[in-house]
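Participant: Turn this into a structure:
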Amino acid sequence: MMKLRLHALDVLRGLTIACMILVNTPGTWRYIYPPLGHSVWNGLTLADCVFPAFMFMMGVSMYISLRKYSFRLQKPLLLKIVRRVIVLYFLGLFIYGLTGFLDTLHSSYGEPGAWQAAFASLGDIRILGVLQRLAICYGIGALLVTSVRHHLLPYIIVGILLFYYGLLVAGHGFSRGPESWLAQVDQWLLGLSHMYNDHGIDPEGVLSTLPSVAHVLIGFCFGKICLERTGLEHRLNRIFLNAAFCLLAGFLLQDLCPLNKKVWSPTFVLVTCGFTALLLAVLLWYMDLQKTLHHTQGLVVFGVNPLFCYVLSEVWIILADYLPLQGRSIHQVVYDALAMCTGDNAFTSLLYAVLTVCLVGIIGLVLYRKNIYIKI
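Facilitator: Model (predicted):
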């Protein structure tokens, strides 16, 4: 059963990474289908569920990988955790640094001091972001699960979410403006030049990292259920039951605590964890009980090298936007060619994103067939 369980996790990771690329690479931001765009503030779209789904699965994978160390924080494990945190964090810095460097060089190209300005832009690199959040939450989560008894984790999760909710209520956290404590802390610790400024708030900001840690810990708890030494039907029932509880709790409490990705509200944590856990349960049922593995290989190629595929897509997006081809960017040349056939609209924008997913998938397929797994 172990192999099939891991296969199901690979499929879900692959689906998530493919969706992350799809959401991040439209042909033009002028035209996108509503489900592929993030909520402006309160609310939930399909795009809002993608990144938290990957964080949930990081927690599940954490249980599987740390199990062989018996969840004991010994020197080899500590070094492994620290190494992964550093690699993930600096990859995030590299992506934002490359974006700022090429953007500055492109905008001032041909002017005196263009290269100096491009290098100077690295001084305003974004400190926090997607990969940085993954790094921080993985590090804190791994240290917690190897330092405390696992029966205490649900209490820690609830404590984190309640404490963060108190911060949101006391600190005007649901207000999209400078009066929010989230905005004030982000600007004080990070500085406006080092953050993605959404009305003064960074969507991957400092305080919202707290519930993100809870997100990973919830995934860890579900990973523990997946590997229990009980019958598969019993494990699936427990996953379905706990997933339903998370979903119901999140939706029922949204009047008191709105669903909000930008502040990573506690209800957002519960709903997205419940949604991802349901998907995982369905895949386990489909593959273990139904003994069905076909129709999944296209997703596995993303799932076995998830972070590599994500980083590759980010680098491709940056290079396609700034590398010239026939006097324009590669992005613009390809999009215009598609628009000549289908028009300048949301479908063409989606088609460009699908092509990007296929490009990354082809590279992932080559790695998969050669049994090359790049661990980040």
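Participant: what's the neighbour count on residue 304?
Facilitator: By the criterion of other CB atoms under 10 Å, residue 304 has 22 neighbours. (Each C-beta comes from the backbone N, C-alpha and C, glycine too.)
Participant: Who are the contact partners of it?
Facilitator: 10, 14, 364, 367, 368, 373 (CB atoms under 8 Å, 6 or more residues apart in numbering).
Participant: repeat for residue 98
Facilitator: Applying CB under 8 Å, 6+ apart, the residues near residue 98 are 315, 318.
Participant: would you say residue 178 is within a strand?
Facilitator: No: per DSSP: H, G, I helix; E, B strand; the rest coil, residue 178 lies outside any strand segment and is coil.
Participant: wait, it sits on residue 188?
Facilitator: No: counting by CB atoms under 8 Å, residue 178 sits too far from residue 188 to count as a contact (11.7 Å).
Participant: neighbour-wise, which of those two wins?
Facilitator: Each of residue 178 and residue 188 has its neighbours counted (other CB under 10 Å); residue 178 has more, 12 against 9.
Participant: Look up which residues are beta-bridged to residue 328.
Facilitator: residue 325 (DSSP bridges).
Participant: State the pLDDT value of residue 69.
Facilitator: Here the pLDDT value assigned to residue 69 is 89.
Participant: average pLDDT across stretch 212-227?
Facilitator: 94.
Participant: ditto for stretch 327-334
Facilitator: 88.
Participant: what's the offset of that stretch from the middle of its chain?
Facilitator: 28 Å (CA atoms, centre = their mean, to the nearest Å).
Participant: Same check on stretch 323-338?
Facilitator: 28 Å.
Participant: where in the stretch 101-250 of the chain is pLDDT low?
Facilitator: 110 (pLDDT under 70).
Participant: would you list every one of the helices in it?
Facilitator: All helices of the stretch 101-250 of the chain, identified by DSSP state H, counting those that start in this stretch, fall at 114-120, 130-145, 153-170, 181-189, 209-226, 232-252.
Participant: among those helices, which is the most enclosed?
Facilitator: helix 209-226 (a mean of 24; mean count of other CB atoms under 10 Å).
Participant: What's the separation between the most far-flung residue of the chain relative to its centre and residue 123?
Facilitator: Residue farthest from the centre of the chain, counting by CA atoms, centre = their mean, is residue 112 at 39.4 Å. Noted for residue 112: a distance of 20 Å to residue 123, by CB to CB, to the nearest Å.
Participant: what do you get for residue 10?
Facilitator: 40 Å.
Participant: more crowded one of those two?
Facilitator: residue 10 (23 against 10).
Participant: ok, the residue nearest the centre of the chain - contacts?
Facilitator: Nearest to the mean C-alpha position of the chain, by CA atoms, centre = their mean, lies residue 51 at 3.0 Å. Residues in contact with residue 51 (CB under 8 Å, 6+ apart) are 20, 130.
Participant: what's the distance between the helix or strand where it lies and the middle of its chain?
Facilitator: Using DSSP states H and E, residue 51 sits in helix 46-67. Counting by CA atoms, centre = their mean, helix 46-67 is centred 8 Å from the centre of its parent chain.
Participant: Just the buried residues of it, please?
Facilitator: Of all the residues in helix 46-67, those buried under the rule 16 or more other CB atoms under 10 Å are 47-64, 66.
Participant: Next: stretch 20-32.
Facilitator: 20, 21, 22, 23, 24, 25, 26, 27, 28, 32.
Participant: Contacts for that stretch, please.
Facilitator: Counting by CB under 8 Å, 6+ apart, 36, 47, 50-51, 54, 309-310, 313-314, 317, 331, 334-335, 338-339, 344-346, 348-354, 356-357, 360 sit against stretch 20-32.
Participant: Give me the distance between the two termini of that stretch.
Facilitator: With CA to CA, to the nearest Å as the measure, stretch 20-32 spans 14 Å from end to end.
Participant: now it: mean pLDDT?
Facilitator: 93.
Participant: what's the distance between it and the middle of its chain?
Facilitator: 16 Å.
Participant: can you check stretch 210-218 too?
Facilitator: 13 Å.
Participant: now swap in stretch 121-140 and tell me
Facilitator: With CA atoms, centre = their mean, you get 12 Å for stretch 121-140.
Participant: could you pull out the helices for the stretch 251-376 of the chain?
Facilitator: Under DSSP H, counting those that start in this stretch, the stretch 251-376 of the chain gives helices at 266-284, 297-303, 306-322, 330-342, 346-369.
Participant: Redo those as TSV? Include distance to residue 223.
Facilitator: Listed next are the helices of the stretch 251-376 of the chain as TSV, based on distance: least, CB to CB, whole Å:
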stretch	distance to residue 223
helix 266-284	9
helix 297-303	15
helix 306-322	16
helix 330-342	38
helix 346-369	23
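Participant: Out of those helices, which is the most enclosed?
Facilitator: Greatest average neighbour count among those goes to helix 266-284 (a mean of 24), per mean count of other CB under 10 Å.
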